[in-house]
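>>> Provided below for reference: sequence and predicted model.
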Amino acid sequence: MTNAQKWVTVVLAAFIFLFILSDILKEDTIIRHDDFQNYGTGEFNEERSQDAPGLALIKQNGCLACHGQDLRGNPNLGPSLYNAKKHWNRDKLINYLRSPLDYSRDPRFAEYKNQFRNIIMPSYENLDVKDLGTISDYLLGLQGE
C-alpha cells in the first residue's frame, strides 16, 4: 500500500466515523399541536413533543397553510381538522388523503365547496402509506371545538 492510499483510507475512515457520530448525536424536535402556540419562542414542551410525529408530517407537507397554525381551520382556506373521528376511520382517512377528489361527491363536501371556493385539497398520493397512517392517527386523535 502506498502512502497516498494510506492517507485516503485514513481520511475515509475519519469521514465515516464523523458521519456515524453526527447521526447518533442528532436531535429531532417535534412540536406537539398543543405546544404550537409557543412555537418560535422556545417555550414549547420538548418532553411531550416527542409524542407527535404526525404533526411533524402535517407541518412538513404544508397542511398548516390552509388549515391554520392550530389546525382549527382558516375561514377562507380550509376547515378545522378537529373531530375527524366523527366522519372518518383510519383507512378511509388515508384513502382520502391519497385522493381527495375521489370523495368530492360526498354530501359533506358540498358545504366546503361553497365555503372554500376555488380551493382544492391537494392529493398526497406521493407520500408513503406509513406516513399517511401517522398523519391519520394524529388527526383522529384531535378532539375538541
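Perfect, I can see it now.

>>> centroid residue for the protein?
Centroid-nearest residue in the chain: residue 57, 1.5 Å away (criterion: CA atoms, centre = their mean).

>>> which SS state does that residue fall under?
Following DSSP: H, G, I helix; E, B strand; the rest coil, residue 57 is assigned to helix.

>>> which residues does it contact?
Residue 57 makes contact with 127, 131, 134, 135, 138 under the criterion CB atoms under 8 Å, 6 or more residues apart in numbering. Where you see a C-beta, it was placed from the backbone N, CA and C, and this is true even at glycine.

>>> Contacts only, for the closest residue in space to the last one that isn't next to it in sequence.
Right, the one you point to is residue 138. Once flanking residues are discounted, residue 138 sits nearest to residue 54: 2.4 Å by CB to CB, 6 or more residues apart in numbering. Neighbour list for residue 54: 134, 135, 136, 137, 138, 139, 141 [criterion: CB under 8 Å, 6+ apart].

>>> hmm, try it at 6 Å
Counting by CB atoms under 6 Å, 6 or more residues apart in numbering, residue 54 touches 134, 135, 137, 138.

>>> What backbone torsions are found at it?
Reported as degrees, to the nearest 10, the phi and psi values for residue 54 are phi -60, psi -40.

>>> when you give positions from now on, start the count at 846
Okay, residue one is now 846; in that scheme the one you just asked about reads as residue 899.

>>> ok, it to residue 920 distance?
Separation of residue 899 from residue 920 (CB to CB, to the nearest Å): 24 Å.

>>> And residue 851, by the same measure?
From residue 851 to residue 920 the distance is 67 Å (CB to CB).
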